[in-house]
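Visitor: Sequence and computational prediction follow.
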Amino acid sequence: MQNGTIGEARSRAFLIDRFWVLERSVDIDGADLIIQRRITTQNLLDREAPRLGVVQVKFYGTTNTSQYVHKEYVIGRDEEVRSEFFLLCHTGEEEHQRLFLLTAEEIQKNFTLKDHDGSEKFYLPHDKVVESGKFEVQSKKLSLDRIENQLKLADFTKNRHFLSWVLPSTSSEVDAILPEFKEPISNNWGSIPQGFVELKETARTALIDVEEVYNLILKVADATDPTEAEKTVEKMAYYCRSGRGWSITLPDFNNYDFFEIARRHKTMVTNLKNDGLLDTFIALPKTLQDKVTAFLKSHLPVSSDAVLKCVVKYDVGSFNMETVDCSIVYEAEYSTLNASEEFLRGDSPFSAWPKMSVVAQGQVQMLWKIGKQKYVSLNSPEGLEKFERDSIDVFEDCASFMHDTKYPESKK
């Protein structure tokens, strides 16, 4: 760890006079520094924005030290060497410091790939890096010139594609989402903000792919040498050619379930906000859970055929809960009930998942086969504690049922 810190500090000192230096948020196999040429007339949003470089830092502590570099840092998916990747290797202490600079091309030509920790990496032993002296920095100015010249050659779209892999958090706005979608209202799909991040990341990757193909087509259109145009077309084939002809393959963006749950969530928040009920509604599941838990504490243990019957009385206009009448009944007691009643529909009058029904204005009944639910064992202190502590989907479903009773159009 100390050697890594020393190597990073030395690398910063080496680079800082020529480049702006940023550090990525996550370390993988050594410190990664992101560098940008000191150009003040351009910014990252420009079409001719300055290219970003990735510098990985290694430290050779002893002659037995070997280092590894991910293949993806050195070679792109089109098998071309990444001109924007550099490796700085350090060794020695105080008066005996030595620095070595390797470009991606030098790594690809001079070192072999090995399987290491489940992935392909270039193997860089001490003797081939340090003892050979081949890559040692003799002139700071000339070495910095070489890095800068390499960055000038980096292709814009490939550079940004590479950075999107090296720096998955480069675009902080990827998690931007309207505040209403962060309101803590449960659903049966999952996290809407996280689902949106994944959708946007897929779109951004696809956008880079489309732009890459666009630039290749433009290159053919502007070409003056047919042989060079042929090489470009061959590159295009990597992205576009298939058994069905030439096309750009895009991912499937139509996640119907996600969009449906997002629409419902937005409708619910809008309804509740308009009536000034959002906070009250959000508190409903926990309020109901507390009341049910208090009842169960005095009625344990429960048998396997026990059914929890809850009748929730509440003010439909305000969602204020008036009473929660709980009782323990048994399946046999309900064997003669009319099977057409909403809460009894299905193959069995009861299931491990509760059935909800409206029994009167402002009254919702819940029947839950509590003795056979698989969430926790209520007959143990630990199980009851977990039941009381955690958010149970059942109570969120009950609140959702109450919402739909008040706002029936939201189910459409």
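Guide: Cool, the structure landed. On a predicted model such as this, the values are computed, not experimentally measured, just so you know. Numbering: from 1, shown residues only.

Visitor: Identify the residues contacting the helix or strand where Lys291 lies?
Guide: Assigned by DSSP states H and E, Lys291 falls within helix 278-297. Contacts to helix 278-297, defined as CB atoms under 8 Å, 6 or more residues apart in numbering, come from residues 183-186, 269, 272, 302, 308, 310, 312, 318-321, 324, 326, 370, 378, 384, 387-388, 391-392, 395-396, 398-399, 402-403. Yep, even glycine has a C-beta here, placed from its N, CA and C like the rest.

Visitor: what helix or strand does the residue nearest to Phe135 when sequence neighbours are not counted sit in?
Guide: Of all residues not flanking Phe135 in the chain, Phe100 sits nearest, at 4.4 Å (CB to CB, 6 or more residues apart in numbering). For Phe100, the element it lies in under DSSP H and E is strand 98-103.

Visitor: mind listing the helices for the stretch 201-350 of the chain?
Guide: Ranges of helices in the stretch 201-350 of the chain, per DSSP state H, counting those that start in this stretch, are 226-240, 256-274, 278-297.

Visitor: Next, format those as a markdown table and append mean neighbour count.
Guide: Listed next are the helices of the stretch 201-350 of the chain as a markdown table, based on neighbours: other CB atoms under 10 Å:
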| stretch | mean neighbour count |
| --- | --- |
| helix 226-240 | 14 |
| helix 256-274 | 15 |
| helix 278-297 | 17 |
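
Visitor: can you redo these as CSV with mean pLDDT and distance to Gln361?
Guide: Below are the helices of the stretch 201-350 of the chain laid out as CSV (pLDDT from 0 to 100; distance: least, CB to CB, whole Å):
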stretch, mean pLDDT, distance to Gln361
helix 226-240, 86, 62
helix 256-274, 92, 19
helix 278-297, 90, 18
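
Visitor: JSON lines please, covering the ones you listed and showing distance to Asn215.
Guide: Shown next, in JSON lines, are those (distance: least, CB to CB, whole Å):
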{"stretch": "helix 226-240", "distance to Asn215": "10"}
{"stretch": "helix 256-274", "distance to Asn215": "31"}
{"stretch": "helix 278-297", "distance to Asn215": "47"}
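
Visitor: For Gly195, find the nearest of these.
Guide: Closest to Gly195 of the helices of the stretch 201-350 of the chain is helix 256-274 (CB to CB; 4.9 Å).

Visitor: So which elements touch the closest one?
Guide: Helix 256-274 sits against helix 192-222, helix 278-297, helix 393-406, with contacts defined as 3 or more CB pairs under 8 Å, 6 or more residues apart in numbering; DSSP states H and E.

Visitor: my read: Leu378 touches Pro301, true?
Guide: Yes: at 7.5 Å, Leu378 and Pro301 qualify as touching, with contact defined as CB atoms under 8 Å.

Visitor: Distance from the chain centre to the helix holding Lys291, please.
Guide: Its chain's C-alpha centre and that of helix 278-297 lie 31 Å apart, by CA atoms, centre = their mean, to the nearest Å.

Visitor: picking that back up, which one of the helices and strands packed on helix 256-274 lies nearest to Lys235?
Guide: Nearest to Lys235, of all the helices and strands packed on helix 256-274, is helix 192-222, at 5.8 Å by CB to CB.

Visitor: Wait, the residue nearest to Phe135 touches Gly92, no?
Guide: No: applying CB under 8 Å as the test, Phe100 and Gly92 come out as separate, 10.9 Å apart.

Visitor: Neighbour count: these two, which is higher?
Guide: Legend: neighbour count by other CB atoms under 10 Å for Phe100 and Gly92, higher for Phe100 (21 against 13).

Visitor: if I pick that one, what's in contact with it?
Guide: The contact partners of Phe100, by CB under 8 Å, 6+ apart, come to Leu88, Cys89, His90, Thr91, Val129, Val130, Phe135, Glu136, Val137.

Visitor: I'd like to know the beta-bridge partner residues of it.
Guide: Cys89, Glu136 (DSSP bridges).

Visitor: Against Val324, how distant is it?
Guide: Counting by CB to CB, to the nearest Å, the gap between Phe100 and Val324 amounts to 72 Å.

Visitor: which residue sits closest to Ala206, ignoring its sequence neighbours?
Guide: Ala206 sits nearest to Leu250 (CB to CB, 6+ apart), 5.3 Å away.

Visitor: residues near the one you found, how many?
Guide: Applying other CB under 10 Å, I find that Leu250 has 12 neighbouring residues.

Visitor: Phi first, then psi, for the closest residue to Ile192 other than its chain neighbours.
Guide: Closest residue in space to Ile192, ignoring its immediate chain neighbours: Phe181 at 4.9 Å, by CB to CB, 6+ apart. In terms of degrees, to the nearest 10, the main-chain angles of Phe181 are phi -80, psi -10.

Visitor: likewise Glu120?
Guide: For Glu120, the backbone dihedrals (degrees, to the nearest 10) come out as phi -80, psi 130.

Visitor: what is it paired to in the beta sheet?
Guide: Asp115.

Visitor: Helix or strand: which one has Tyr73?
Guide: Residue-wise, Tyr73 maps onto helix 71-74 under DSSP H and E.

Visitor: which residues of the stretch 101-250 of the chain score low on pLDDT?
Guide: When residues are selected by pLDDT under 70, those of the stretch 101-250 of the chain lie in 155-174, 242-245.

Visitor: 50 instead?
Guide: For the stretch 101-250 of the chain, the stretches with pLDDT under 50 are 168-172.

Visitor: ok, back up a step: need the residues that contact the helix or strand just after the strand holding Phe100.
Guide: Using DSSP H and E, the helix or strand that follows strand 98-103 in sequence is helix 104-110. Outside helix 104-110, the residues within contact range by CB under 8 Å, 6+ apart are 69, 73-75, 81-87, 122, 124, 128, 134-135.

Visitor: Can you pick out the most distant pair from those residues?
Guide: Greatest spacing in these, by CB to CB: Glu84 and Lys128 (23.2 Å).

Visitor: More neighbours: which of these two?
Guide: With neighbours defined as other CB under 10 Å, Glu84 and Lys128 compare such that Glu84 has more, 24 against 15.

Visitor: quick one, phi/psi of the more buried one?
Guide: Torsion angles, degrees, to the nearest 10, at Glu84: phi -100, psi 10.
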